[in-house]
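K.L.:
no sequence on this one, just coordinates:
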């Protein structure tokens, strides 16, 4: 077993929900919701046995919702500033609380969450949760904050648009008047909206349900006022420490690049001083900023603009497989810090009509993304069954994504639970499980990587637009991997350059080889500048262990 990090992301509210009513814009009573208890010993053990090392519980911290929990002392949220019946898990309304939807007994919700963490740890999984640092719900109010903690905005001077010691940005003298009707909702003075909209008139496509947190950056001059330390820095670091104390093993930090790197350097240092094994994963989309945020304490960053976008284009036939080489090379110096994925809650499902339209087309991309480097890989729950994400849930609409705003259940997860998956879905699951097992168990995946594409230009025996090949090696273990992104069987010759043999210290000889996906065995002759012949199935891969 190697140390490769494999993360299973679950939208906690959806994962365990087996209610199949699926009424558009349905209430929690109509459509149901998953609970912390659904992550029982059996479920967590299954996730671990698939090959995952970490589980990311998305949407745990209490966020704005249209469901009424006032009888439990939880303030109601005005529906005009809540997206969907269930609400966005990224519109936090109490950083010290958990979502009451997820509890069997609402007044015991924190205890139920802590018990789930304990079960995950017992199953051998490390726990990641969201930290949403850039913005909060418009009606943020903590009702369970620890004694002595002052709420966000409690000491703000709202007569100043910007003050480095304010927690929010304001529009003095202006009330909140978005470009749509919010009858019955009043906010004066208006606070600036989460997606850096610094006036009181956000539109429907803005993050209008959120307000921007102030980390000491004057966005009118783009100058940072970090001495003395802004009040928001202390408050948000205390929140990180609060959750770390509960046994959280890592934070996935939402829109991390919208928060100054100086804060992250300060906060991660304080958290890691007390909890040295905790990890920080940053949602950063600007490649020019990657190294800055890694230097500021992030262990891993989304590789979205590079590897994800490239792999998606290759899967869809809109780019050459040879472009994958450029994608990994652009971050080669920080390769172990890059998080690969094919799906998450923000992106469209591979099997959706907006992406590939068929989960099988994603298999070669899965093999390449998981096996070609030693960095982490993340998989979104139900991706392993080829979930299409084409439901019309409510606020989300038909967009190829699984909703984060509505009460819903995921079709393939429900049918996997009752044993009614189709043969195609079972095939997709089997392929995912095999690839994940290889990633965790094969020693070579933690070893050297050698991209074979430069030695394999286009020929009638190797279409470099639809084929991608590489070697992995550690000690005496060698893997030869070839991914076929085309819709037809490929009979190919793979050139093995002398440089690869020498760099990886591979001896020239005939090797007994086994395909780890199919179990097929044959003899492969490796020699400097020689060719290896093989057949690769459509939308398939060969993973030869020599």
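P.N.:
Happy to help now that I have it. For clarity, every value in this text was computed on a predicted model and none was experimentally measured.

K.L.:
how about the strands in the stretch 51-200 of the chain?
P.N.:
54-58, 61-63, 92-98, 126-131, 135-137, 170-171, 190-191 (DSSP state E, counting those that start in this stretch).

K.L.:
got these as JSON lines, with distance to residue 519 columns?
P.N.:
For glycine as for every other residue, the C-beta is placed from the backbone atoms N, C-alpha and C. Listed next are these as JSON lines, based on distance: least, CB to CB, whole Å:
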{"stretch": "strand 54-58", "distance to residue 519": "29"}
{"stretch": "strand 61-63", "distance to residue 519": "45"}
{"stretch": "strand 92-98", "distance to residue 519": "45"}
{"stretch": "strand 126-131", "distance to residue 519": "31"}
{"stretch": "strand 135-137", "distance to residue 519": "50"}
{"stretch": "strand 170-171", "distance to residue 519": "65"}
{"stretch": "strand 190-191", "distance to residue 519": "60"}
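
K.L.:
Same list, the ones you listed, but as CSV with distance to residue 256, mean pLDDT and mean neighbour count please.
P.N.:
CSV is the format used below for the strands of the stretch 51-200 of the chain (distance: least, CB to CB, whole Å; pLDDT from 0 to 100; neighbours: other CB atoms under 10 Å):
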stretch, distance to residue 256, mean pLDDT, mean neighbour count
strand 54-58, 15, 98, 25
strand 61-63, 16, 98, 26
strand 92-98, 15, 98, 23
strand 126-131, 9, 98, 22
strand 135-137, 12, 98, 27
strand 170-171, 24, 98, 23
strand 190-191, 21, 98, 26
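
K.L.:
Geometric centre of the chain: which residue is closest?
P.N.:
With the centre of the chain defined as its mean C-alpha position, the nearest residue by CA atoms, centre = their mean is residue 344, 4.9 Å away.

K.L.:
does that residue count as helix, strand or coil?
P.N.:
coil (DSSP: H, G, I helix; E, B strand; the rest coil).

K.L.:
That one contacts residue 380, doesn't it?
P.N.:
Yes. Shown here, residue 344 and residue 380 form a contact pair, counting by CB atoms under 8 Å, at 5.1 Å.

K.L.:
Please enumerate the strands of the stretch 201-350 of the chain.
P.N.:
210-212, 217-218, 223-224, 250-253, 279-282, 300-302, 338-341.

K.L.:
Mean pLDDT, mean neighbour count and distance to residue 137 for the ones you listed - can I get that in JSON lines?
P.N.:
Output for these, formatted as JSON lines (pLDDT from 0 to 100; neighbours: other CB atoms under 10 Å; distance: least, CB to CB, whole Å):
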{"stretch": "strand 210-212", "mean pLDDT": "98", "mean neighbour count": "26", "distance to residue 137": "6"}
{"stretch": "strand 217-218", "mean pLDDT": "98", "mean neighbour count": "18", "distance to residue 137": "21"}
{"stretch": "strand 223-224", "mean pLDDT": "96", "mean neighbour count": "14", "distance to residue 137": "25"}
{"stretch": "strand 250-253", "mean pLDDT": "98", "mean neighbour count": "25", "distance to residue 137": "18"}
{"stretch": "strand 279-282", "mean pLDDT": "98", "mean neighbour count": "25", "distance to residue 137": "22"}
{"stretch": "strand 300-302", "mean pLDDT": "98", "mean neighbour count": "25", "distance to residue 137": "24"}
{"stretch": "strand 338-341", "mean pLDDT": "98", "mean neighbour count": "23", "distance to residue 137": "27"}
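
K.L.:
Tell me which of the ones you listed sits nearest to residue 186.
P.N.:
strand 210-212 (14.3 Å; CB to CB).

K.L.:
Which residues does that closest one contact?
P.N.:
With CB atoms under 8 Å, 6 or more residues apart in numbering as the test, strand 210-212 has contacts from 90-91, 134-138, 140, 168-169, 191-198.

K.L.:
ok, 7 Å please
P.N.:
91, 134-138, 168-169, 191-194, 196 (CB atoms under 7 Å, 6 or more residues apart in numbering).

K.L.:
Now flag whichever of the residues you listed is closest to residue 2.
P.N.:
residue 134 (34.4 Å).

K.L.:
All the helices of the protein, in order from the start?
P.N.:
Using DSSP state H, the helices of the chain run over 12-15, 28-31, 41-50, 109-122, 231-244, 261-274, 290-295, 309-315, 323-329, 363-371, 411-418, 423-441, 498-503.

K.L.:
List of residues touching the fourth one?
P.N.:
Spelled out, it's helix 109-122. 36-37, 39-41, 44, 55, 60, 98, 100, 102-104, 127, 246-247.

K.L.:
Report the buried residues of it.
P.N.:
By neighbour count on 16 or more other CB atoms under 10 Å, the buried set for helix 109-122 is 109, 112, 113, 116, 117, 119, 120.

K.L.:
again with the longest one
P.N.:
Along helix 423-441, these residues count as buried under the neighbour rule (16+ other CB under 10 Å): 425, 428, 429, 431, 432, 434, 435, 436, 438, 439, 440.

K.L.:
which residues are in contact with that helix?
P.N.:
1-2, 4, 6, 50-51, 359, 363, 366-367, 370-371, 384-386, 412, 445, 516-517, 543.

K.L.:
ditto for the second one
P.N.:
By CB under 7 Å, 6+ apart, the list of residues contacting helix 28-31 from outside reads 19, 21, 22, 23, 67, 101, 407, 408.

K.L.:
count of residues packed around the third one?
P.N.:
Put plainly, it is residue 22. By the measure other CB atoms under 10 Å, the count of residues near residue 22 is 21.

K.L.:
thought it was touching residue 407?
P.N.:
No. The criterion here is CB atoms under 7 Å, and residue 22 misses it with residue 407 at 9.2 Å.

K.L.:
neighbours around residue 106, how many?
P.N.:
16.

K.L.:
Who are the contact partners of it?
P.N.:
So residue 106 contacts 69, 72, 100 (CB under 7 Å, 6+ apart).

K.L.:
could you dump the residues you listed to CSV with neighbour count and distance to residue 336?
P.N.:
Output for the contacts of residue 106, formatted as CSV (neighbours: other CB atoms under 10 Å; distance: CB to CB, whole Å):
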residue, neighbour count, distance to residue 336
69, 17, 43
72, 13, 44
100, 16, 39
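
K.L.:
which one of those residues is nearest residue 82?
P.N.:
Nearest member of those to residue 82, counting by CB to CB, is residue 69, at 13.0 Å.

K.L.:
distance of the closest residue to residue 16 other than its chain neighbours from residue 223?
P.N.:
Of all residues not flanking residue 16 in the chain, residue 38 sits nearest, at 2.4 Å (CB to CB, 6 or more residues apart in numbering). Distance check for residue 38 against residue 223: by CB to CB, to the nearest Å, it reads 48 Å.

K.L.:
and what of residue 120?
P.N.:
Taking CB to CB, one finds residue 120 at 43 Å from residue 223.
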